[in-house]
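**Q** from the sequence below, what's the structure:
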Amino acid sequence: MDIRKVKKLIEMLEASDVMEIEIREGEESVRISRYQAAHPVMPSHAPVVYGHSSPTTTVSHENSPPPPDNTTTPANPHSEHVITSPMVGTFYRSASPTTKPFVEEGTQVNEGDTICIIEAMKILNQITAERTGVIKKVLVENGAPVEYGQPLFVML
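**A** Numbering: from 1, shown residues only. All right, here's what the predicted structure looks like:
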């Protein structure tokens, strides 16, 4: 398809109320759309700190399964609690390969303490403890890829 035709189509689309157009000429086709991409854009500044207890950490994807229910009953505050990944990325137990892990099995943590880092799109996101407790089990290997909603730790 001639680039002049494509430029003309873009000009016509901008001058009208049409949001999207697709033209086919033989085996060639072109689609021009005013709609923005549906993919979220991560900011390129300071890392974001995630914790499941605040409403700002809710991530919703149209075709993804709902996150597991991580609530505990107030009657039994010592029940197990699973901390899940709030995003897709790479799991790191420490800030760098030469430093010790943020937490080990048996580590006492307070709400808001950094427990791991998940790298997503070259941004290091600190994941914090959602409540005070003890890390019972680390479920992911250092450097492993993680999915949204994947269990990372079991806490008591």
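**Q** assumed residue 127 was part of a helix.
**A** No: going by DSSP: H, G, I helix; E, B strand; the rest coil, the assignment for residue 127 is strand, not a helix.
**Q** tell me the contacts of the spatially closest residue to it that is not a sequence neighbour?
**A** Using Cβ to Cβ, 6 or more residues apart in numbering and skipping the chain neighbours, the partner closest in space to residue 127 is residue 116 (4.9 Å). Heads up, the C-betas are built off the backbone N, CA and C, glycines and all. Residues in contact with residue 116, defined by Cβ atoms under 8 Å, 6 or more residues apart in numbering, are 91-93, 102-103, 127, 152-153.
**Q** let's have these in a markdown table, adding neighbour count, secondary structure and distance to residue 6.
**A** Output for those, formatted as a markdown table (neighbours: other Cβ atoms under 10 Å; DSSP: H, G, I helix; E, B strand; the rest coil; distance: Cβ to Cβ, whole Å):
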| residue | neighbour count | secondary structure | distance to residue 6 |
| --- | --- | --- | --- |
| 91 | 21 | strand | 43 |
| 92 | 20 | strand | 44 |
| 93 | 20 | coil | 50 |
| 102 | 21 | coil | 51 |
| 103 | 21 | coil | 54 |
| 127 | 27 | strand | 45 |
| 152 | 20 | strand | 47 |
| 153 | 24 | strand | 51 |
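**Q** nearest to residue 25, out of those: which one, please.
**A** Nearest to residue 25 out of the contacts of residue 116 is residue 91 (Cβ to Cβ; 48.2 Å).
**Q** any idea how far residue 134 is from that closest one?
**A** For residue 91, the distance to residue 134 equals 20 Å [Cβ to Cβ, to the nearest Å].
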